[in-house]
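1. next come a sequence and a model predicted from it.
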Amino acid sequence: MNSIVDAIKKVRPAVVSVVITKEIPEEILNQLPHFGPGGMLTPPEQKNNGVGKEIPQEHERIKVGGGSGFIVSRDGLVLTNKHVVQDPEAVYTIVTEDDNRYPAKVLARDPINDIAILKMESEKELPFVRLNNSSKLDLGETVVAIGNTLGEFKNTVSAGVVSGLSRFITAQNEFSGEAAFLRGLIQTDAAINPGNSGGPLINAKGEAIGINVAVILGAQNVGFAIPISAAARDLDDLKRFGRLKKPFLGVRYLIINKDIKDRLKLPVEAGAYVMQENIPGNNGEAVVKNSPADKAGLKEKDIILEFNGTKLTSEKNLQDVLENCKIGENIALKVLRENKEHELKLVLEERRF
């Protein structure tokens, strides 16, 4: 148990709050009784305690949300969830354990893995969390989740174990309400609560193995974290290219299992079923126009059985194999269309975020 306490002490100084503020038109504020005299929140980034960088006050803003994050480099790179910092019009401020406040800029958003990378404006070296290889996790391994529970209880820690690996879920964005499909997740019984999003899941050595992302409402001790290996790839892309570089196929799909096969009356129990998404605000097209998939002739209701010789299953889905490919790589697909198998070829392009 002492090793866990030591790990928490090692990591806590690098766990931060991500505060979201936004300018609200005065005419709208006047209609909100909640923001009566003295009710306006002073923007965190406009306060200065001698450590954080002071920003001239031009407009008052109000706090509209927040989440957790953690510093991963001495010069102030911060990992969090993409859904925490998805609003391009909001202002983001990093608040450290000792209540110092720093303006932050979003350098990259990875919507596929729900990861974002921020940069704190700090002139001093900062404490940071080291990253571990999340591909070497074992079931039953001790882990600790750290974050700002409910946005109020800073640096809350909860211990548990790795309950499952390579999980996939459909999660609802706590800010926008939109649905997102997340796969390859670490399941843990360490308590993860709203506000914990973006905080680290660490091992007994105090190394990050995941980024806390979701909890199953109505269940007890069922939480999920994004494997840190996905974030490490994003950090490497940012360092090498100044942006995220991801291969792009251009299809929306549903992973087939026995239940899906029976429900949709499909001829196979595995593969990727090309279909539209009915999500508000999303055009939901099954095959993105002018994408590599479109150019190769993929169509809605096709079933992709194999991707470059790899059979697609619930455990090894399309996104898993796609992430291990390179931009410009030639890919062979085995596709089932109207009960006949077809061979298609395409060249992967770069995804534009």
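-> Yep, that arrived.
2. centre of the chain to the biggest strand by length in the chain, how far?
-> Counting residues, the longest strand found in the chain (DSSP state E) is strand 153-172. From the chain centre to the centre of strand 153-172 is a distance of 13 Å (C-alpha atoms, centre = their mean, to the nearest Å).
3. next secondary structure after it?
-> strand 179-188 (DSSP states H and E).
4. distance from the chain centre to that following strand, please.
-> Mean C-alpha position of strand 179-188 versus that of the full chain (C-alpha atoms, centre = their mean) differs by 9 Å.
5. that one pairs with which strands, and in what direction?
-> In the sheet, strand 179-188 lines up against strand 153-172 (antiparallel), strand 223-227 (antiparallel) (DSSP bridges).
6. pull up the pairing partners for the next helix or strand after that strand, direction included.
-> Beyond strand 179-188 in the direction of the C-terminus, DSSP H and E gives the next helix or strand as strand 200-202. Here strand 200-202 has these sheet partners by DSSP bridges: strand 142-149 (antiparallel), strand 208-215 (antiparallel).
7. among those strands, which comes closest to Ile71?
-> The stretch from these with the least distance to Ile71 (C-beta to C-beta) is strand 208-215; that distance is 10.4 Å. Yep, even glycine has a C-beta here, placed from its N, CA and C like the rest.
8. next one: the closest one to chain centre, how far?
-> Its chain's C-alpha centre and that of strand 208-215 lie 9 Å apart, by C-alpha atoms, centre = their mean.
9. also stretch 249-266?
-> 24 Å.
10. give me the most central residue, this protein.
-> Relative to the mean C-alpha position of the chain, the nearest C-alpha, by C-alpha atoms, centre = their mean, is the one of Asp114, at 1.9 Å.
11. Leu139 versus that residue, what's the distance?
-> Summarising the geometry, the distance separating Asp114 from Leu139, computed by C-beta to C-beta, to the nearest Å, is 23 Å.
12. then Thr310?
-> Here the distance between Thr310 and Leu139 works out to 24 Å (C-beta to C-beta).
13. same check, this time on Val222
-> As defined by C-beta to C-beta, Val222 lies at a distance of 15 Å from Leu139.
14. okay, the two: which has more neighbours?
-> Per other C-beta atoms under 10 Å, whichever of Val222 and Leu139 has more neighbours is Val222, with 19 against 10.
15. phi, psi for the more buried one please.
-> phi -130, psi 100 (degrees, to the nearest 10).
16. in this protein, which helix is the longest?
-> As assigned by DSSP state H, the longest helix anywhere in the chain is helix 228-241.
17. helix or strand next in line after it, which one?
-> Scanning forward in sequence from helix 228-241, with DSSP H and E defining helices and strands, the next element found is strand 247-248.
18. domain-wise, how is the protein divided?
-> Per automatic domain parsing, the domain ranges recorded for the chain read 2-120, 134-241, 247-350.
19. which residues of the stretch 1-150 of the chain fall in strands?
-> Assigned by DSSP state E, counting those that start in this stretch, the stretch 1-150 of the chain shows strands spanning 15-22, 62-71, 77-80, 91-95, 101-110, 115-120, 142-149.
20. okay, the last one in PDB with CA atoms only?
-> The C-alpha trace of strand 142-149 is given here as PDB (Å, rounded to 0.1, in the frame of the first residue of the first chain):
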ATOM      1  CA  THR A 142      -3.400  -2.200  -9.400                       C
ATOM      2  CA  VAL A 143      -4.300   1.200 -10.800                       C
ATOM      3  CA  VAL A 144      -5.300   4.600  -9.500                       C
ATOM      4  CA  ALA A 145      -7.600   7.200 -11.100                       C
ATOM      5  CA  ILE A 146      -6.900  10.800 -10.300                       C
ATOM      6  CA  GLY A 147      -9.100  13.700 -11.300                       C
ATOM      7  CA  ASN A 148     -11.300  16.600 -10.200                       C
ATOM      8  CA  THR A 149     -14.500  14.800  -9.300                       C
END
